[in-house]
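> have a look at this prediction, sequence included:
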Amino acid sequence: MRSLFAFCVGAALATLSLHAQPVPEKRAGEDGADPSLAPVADVAGLPRVLIIGDSISMGYTLKVRELLKGVANVHRIPENGGSTRDGLAKIDRWLGTGKWDVIHFNWGLHDLKHWMDNKLDLAGPQVSPVQLYEANLRELMVKLKQTNATLIFATTTPIPVGSAGRQSGDEIGYNEAARSVMKEAKVQINDLYAFAAPRAAELQLPNNVHFKPAGYAALAEQVADAIKAALPKR
């Protein structure tokens with residue numbers, strides 16, 4: 001009986017331990033089906049660009065690549081970039097050993113989300129509270145700076161009221177923390193939040209952090225313009 005009791009207690013503690021760890025949200029395209037995640041071959045002589053980001057960046061990657069055709073080789077990480085915790089675990093693999101001229105990057109939406117029992121839930125804790133988010137960004141900046149690429153940070157896009165597992169307005173504090181880090185690191189900012197917020201009803205899905213096709217196309221133009229402007233500086 002004592003052995004059975006000990007086993008049950010141990011199993012219960014193990015279950016609680018698992019629930020205490022934020023589990024990554026199921027990410028669109030992680031199975032490799034999303035065309036934005038497909039690898040691309042370099043065109044010789046063109047500068048190399050890397051996009052790091054979550055499903056929002058996946059939504060604009062193909063259009064950015066189209067807009068910069070003949071101007072730059074536009075690569076992206078082969079998955080949803082998730083939170084800064086994911087970034088710290090995978091950044092070396094994502095950067096690889098090749099030379100990057102420009103890196104356009106973002107984290108935030110997966111850091112500020114509330115997660116409990118393996119799903120989005122406002123009753124659960126945030127994956128990375130804002131102080132941890134800021135600390136993680138500082139650590140990631142060390143890695144990104146080592147590439148000697150021109151770095152462009154994209155602010156986290158708006159969270160509409162009613163979005164699952166996320167509190168509208170939290171992105172403002174996370175963007176302020178990120179601005180502080182980028183100012184210290186002397187990294188330019190592509191303010192996608194300021195671009196999208198006044199047009200949220202037009203560009204975003206209702207009660208959803210994701211965008212309509214026209215919204216992704218508009219974001220792509222902003223991203224492509226920022227990257228193109230950075231290329232002559234190399």
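All right, it came through fine. Numbers count the residues shown, from 1 in each chain.
> quick check: which element contains Asp86?
Per DSSP states H and E: Asp86 is located in helix 84-95.
> so which residues of this protein form helices?
2-20, 55-67, 84-95, 130-145, 170-185, 192-196, 200-203, 213-230 (DSSP state H).
> the shortest one - contacts with which helices or strands?
In terms of contact count using 3 or more Cβ pairs under 8 Å, 6 or more residues apart in numbering; DSSP states H and E, helix 200-203 is assigned the packing partners helix 213-230. C-beta here means a position set from N, CA and C on the backbone, and glycine is covered the same way.
> tell me which residues are up against the helix it packs on.
Helix 213-230 is contacted by residues 49, 51, 56, 59-61, 63-64, 66-68, 71-72, 74, 102, 104, 150, 152, 154, 157, 188, 190, 192, 195-196, 199, 202-204, 211 when judged by Cβ atoms under 8 Å, 6 or more residues apart in numbering.
> got the helices of the chain as CSV, with distance to Ala33 and mean pLDDT columns?
Converted to CSV, these look like this (distance: least, Cβ to Cβ, whole Å; pLDDT from 0 to 100):
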stretch, distance to Ala33, mean pLDDT
helix 2-20, 28, 37
helix 55-67, 11, 98
helix 84-95, 20, 98
helix 130-145, 28, 98
helix 170-185, 28, 98
helix 192-196, 25, 98
helix 200-203, 25, 96
helix 213-230, 17, 98
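> nearest to Leu37, out of those helices?
helix 55-67 (7.0 Å; Cβ to Cβ).
> now do the buried residues in that closest one.
Neighbour-count burial for helix 55-67 flags Ser55, Ile56, Ser57, Met58, Gly59, Tyr60, Thr61, Leu62, Lys63, Val64, Arg65, Leu67 (criterion: 16 or more other Cβ atoms under 10 Å).
> what of stretch 143-157?
For stretch 143-157, a neighbour-count test (16+ other Cβ under 10 Å) marks Leu144, Thr147, Ala149, Thr150, Leu151, Ile152, Phe153, Ala154, Thr155, Thr156, Thr157 as buried.
> now the third one: how far from Met141?
So that's Ala149. Using Cβ to Cβ, to the nearest Å, Ala149 is found at 12 Å from Met141.
> next: Ser57.
18 Å.
> can you get me a residue count around the closest residue to Glu134 other than its chain neighbours?
The spatial neighbour of Glu134 that comes closest, neighbours along the chain excluded (Cβ to Cβ, 6 or more residues apart in numbering), is Ala177 at 4.1 Å. By other Cβ atoms under 10 Å, the residues close to Ala177 number 20.
> repeat that for Asp42.
Counted with other Cβ under 10 Å, Asp42 comes out at 12.
> which residue sits closest to it, ignoring its sequence neighbours?
Excluding the flanking residues, the one nearest Asp42 by Cβ to Cβ, 6+ apart is Asn73, at 4.5 Å.
> so what's that neighbour bridging to?
Arg48 (DSSP bridges).
> return the distance of it relative to Gly169.
From Asn73 to Gly169 the distance is 38 Å (Cβ to Cβ).
> looking at the two, which one has more neighbours?
The residue with more neighbours, out of Asn73 and Gly169, is Asn73; 20 against 10, by other Cβ under 10 Å.
> got a list of what that one touches?
Counting by Cβ under 8 Å, 6+ apart, Asn73 touches Val40, Asp42, Val43, Leu46, Pro47, Arg48, Val49.
> all good on my end, thank you.
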